[in-house]
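>>> Give me a 3D structure for the following:
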Amino acid sequence: AVIALFVLSFTIAFAQQPSTIAFDAALLVENDVEIKTRLTGIIAKIYAERGARVKKGQPLAELDNQDLKLGVKKAEVYLQELKAEYERAKSLHDEKLLSDSEYDAKRLSYQRVAAELEIAKVEYEKSIIRAPFAGVVGERFVKLGQRVVEDENVALFRITAMESLLARIFVPEEKLGIFA
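This next block holds a predicted model:
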């Protein structure tokens, strides 16, 4: 989908002809997107301003995420605890000192908490708004302290990739013969 459009005129000089011919053209940007939040929260940090060049994955802004950081830390500690219990249960099970059902319960608890840790990490990552591709910040709509909501259709930034511009040249029909 083409979003941004720049109209300009330019001149083509031909080696075989002493004159030049002017044509109108439109420069089209293929990658131009509005960045929205994937999580509800309060904007705590803004890293990119209008006109800034950004790399793919570079943070643009960050929500207040102290609770999410603590959630990851809590899940990591709980996972360590359950890993130790699971390893003890495995050792006892291998020696036939622990029933299959008790061993399975420890193993499944460990696996469940490992999955919960991954979910906590994903939620934390959602609190950091990142550039989806390298480009230029065309607009910054968000303000420090602003409350943003996950399902609202409110843009925080507009990013435009300036590397791949397409030129659409408008040639009058009577001038088509010069290209043959």
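
>>> How about the contacts made by the most centrally placed residue in the chain?
Centroid check for the chain by Cα atoms, centre = their mean gives Pro132 as the closest residue, at 3.8 Å. By Cβ atoms under 8 Å, 6 or more residues apart in numbering, the residues touching Pro132 are 33, 35, 56, 159. No exception for glycine: its C-beta is placed from N, CA and C like everyone else's.

>>> Let's have the residues you listed in a markdown table, adding secondary structure, neighbour count and pLDDT.
A markdown table is the format used below for the contacts of Pro132 (DSSP: H, G, I helix; E, B strand; the rest coil; neighbours: other Cβ atoms under 10 Å; pLDDT from 0 to 100):
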| residue | secondary structure | neighbour count | pLDDT |
| --- | --- | --- | --- |
| Val33 | strand | 18 | 93 |
| Ile35 | strand | 22 | 96 |
| Lys56 | coil | 12 | 96 |
| Ile159 | strand | 24 | 95 |
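
>>> which residues of this structure fall in strands?
5-13, 20-29, 32-35, 41-46, 53-54, 59-63, 128-130, 135-140, 147-148, 157-160, 165-170 (DSSP state E).

>>> bridging residues for the residue lying closest to Val33 once chain neighbours are set aside?
Spatial nearest neighbour of Val33, chain neighbours left out: Ile159 (5.8 Å); criterion: Cβ to Cβ, 6 or more residues apart in numbering. As for beta bridges, Ile159 partners with Val33, Val137 under DSSP bridges.

>>> how close does Leu176 sit to Ala25?
Remark: distance between Leu176 and Ala25 (Cβ to Cβ, to the nearest Å) = 15 Å.

>>> who has more neighbours, the two?
The neighbour comparison of Leu176 against Ala25 (other Cβ atoms under 10 Å) goes to Ala25, with 17 against 9.

>>> ok, the more buried one touching Leu166?
No - Ala25 is beyond contact range of Leu166, at 10.0 Å (criterion: Cβ atoms under 8 Å).

>>> how about the nearest residue to Phe170, chain neighbours excluded?
Asp24 (4.7 Å).

>>> so that neighbour bridges to which residues?
Going by DSSP bridges, Asp24 forms beta bridges with Ser9, Phe170.
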